[in-house]
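> this one's sequence-less:
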């Protein structure tokens, strides 16, 4: 798979290295759902910096990942949407409503750290 | 509209071909000097119509060609399949309508991000989509 999931403390990070097929996106979604439970993660980050297109299927799968994570008690953040990709998504009418986003991995980690500070589970 | 050079054909038979189709059209758009924003838009449109082939018709062909008209240059994308066809094209072009549990943004979205868009489909006759993006 062109995506690897790393664990850093209470956060899972998926870094996508190359264009993913639909099947690989589904595998990523399922791997996340499993690992959030196994590692008792509070946050998941999907880094899409390397993706040059986010089409309707990819958008739907990112939403699925975020909602599944939420139902499993974790916050999902999508990071690294490139400017042309963002513009194209807006033109096509694709949205990630209700899903946290951040400019890059660093900002995404900072966002989750902020949420974690207010989280009684972290104390 | 006149074709300029040999066309590129991409057989679309599995979901990995969707990735191939959008990479090919992006490469063609880059070679023709489209901006990176337009490259992304046309790659996105091709991704959506190629996925429609895989979702509804199982297999088909996406043909990419460079075209000129009145001194301007563009890319013509023709997607053809011999699948079941679309019973109600008007409905299929509506935002949010889908029979495949998808977002229903594919066809109307592809139309929005291209300059010309035609769809020819009827039950039992397959579907042909022609779309053109002109270089500004």
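On my side now, so go ahead. It should be emphasised that the depicted structure is a prediction, and the values quoted were computed from it without experimental measurement.
> make it CA atoms for all contacts and neighbour counts henceforth
Fine.
> Can you tell me which residues in chain A are near chain B?
A:19-23, A:52-57, A:60, A:84-85, A:87-88, A:91-94 (C-alpha under 8 Å from any C-alpha of the partner chain).
> For the residue nearest to the spatial centre of chain A, give its distance to chain B.
Residue closest to the average C-alpha location in chain A (C-alpha atoms, centre = their mean): residue A:46, at 2.8 Å. Using C-alpha to the nearest C-alpha, to the nearest Å, we find residue A:46 at a distance of 20 Å from chain B.
> That residue against residue A:78, yeah?
Yes. Under the criterion of C-alpha atoms under 8 Å, residue A:46 makes contact with residue A:78 at 4.9 Å.
> sec struct for residue B:95, please.
Under DSSP: H, G, I helix; E, B strand; the rest coil, residue B:95 falls in the coil class.
> next one: phi and psi at it?
phi -60, psi 130 (degrees, to the nearest 10).
> so how far is chain A from it?
Distance of residue B:95 to chain A, given as C-alpha to the nearest C-alpha: 9 Å.
> which ones are touching that residue?
Each residue near residue B:95 by C-alpha atoms under 8 Å, 6 or more residues apart in numbering or on different chains is listed here: B:104-105, B:108-109.
> Name the member of those with the most neighbours.
residue B:109 (27 neighbours; other C-alpha atoms under 10 Å in any protein chain shown).
> Could you check which helix or strand contains that one?
Assigned by DSSP states H and E, residue B:109 belongs to helix B:106-113.
> quick one: average pLDDT of that helix?
What helix B:106-113 shows for mean pLDDT is 90.
> The helix or strand just after it packs against which elements?
Next in sequence after helix B:106-113, counting helices and strands by DSSP H and E, comes strand B:116-121. Here strand B:116-121 touches strand B:127-134, going by 3 or more C-alpha pairs under 8 Å, 6 or more residues apart in numbering or on different chains; DSSP states H and E.
> hmm, the strand it packs on touching chain A?
No. Strand B:127-134 does not reach chain A (C-alpha under 8 Å from any C-alpha); its nearest approach is 13.9 Å.
> so how far is that strand from its chain's centroid?
From the chain centre to the centre of strand B:127-134 is a distance of 6 Å (C-alpha atoms, centre = their mean, to the nearest Å).
> ditto for stretch B:39-53
Worked out by C-alpha atoms, centre = their mean, stretch B:39-53 lies 6 Å from the chain centre.
> which residues are in contact with it?
Contact with stretch B:39-53 is made by A:52-56, A:84-85, A:88, B:12, B:15, B:17-19, B:21-23, B:25-26, B:29-30, B:59-60, B:62, B:77, B:79, B:81, B:83, B:106-107, B:109-111, B:113-114, B:133, as judged by C-alpha under 8 Å, 6+ apart.
> average pLDDT across that stretch?
When pLDDT is averaged over stretch B:39-53, the result is 95.
> Give me the buried positions along it.
B:39-53 (16 or more other C-alpha atoms under 10 Å in any protein chain shown).
> cool, and stretch A:63-73?
Going by neighbour count (16+ other C-alpha under 10 Å), the buried part of stretch A:63-73 is A:63-70, A:72.
> what's the closest non-adjacent residue to residue B:66?
Excluding the flanking residues, the one nearest residue B:66 by C-alpha to C-alpha, 6 or more residues apart in numbering or on different chains is residue B:75, at 4.7 Å.
> host element of the one you found?
Counting by DSSP H and E, the element that carries residue B:75 is strand B:72-81.
> where's that strand relative to the chain centroid, distance-wise?
In this view, strand B:72-81 has its centroid 7 Å away from the chain centroid, taken as C-alpha atoms, centre = their mean.
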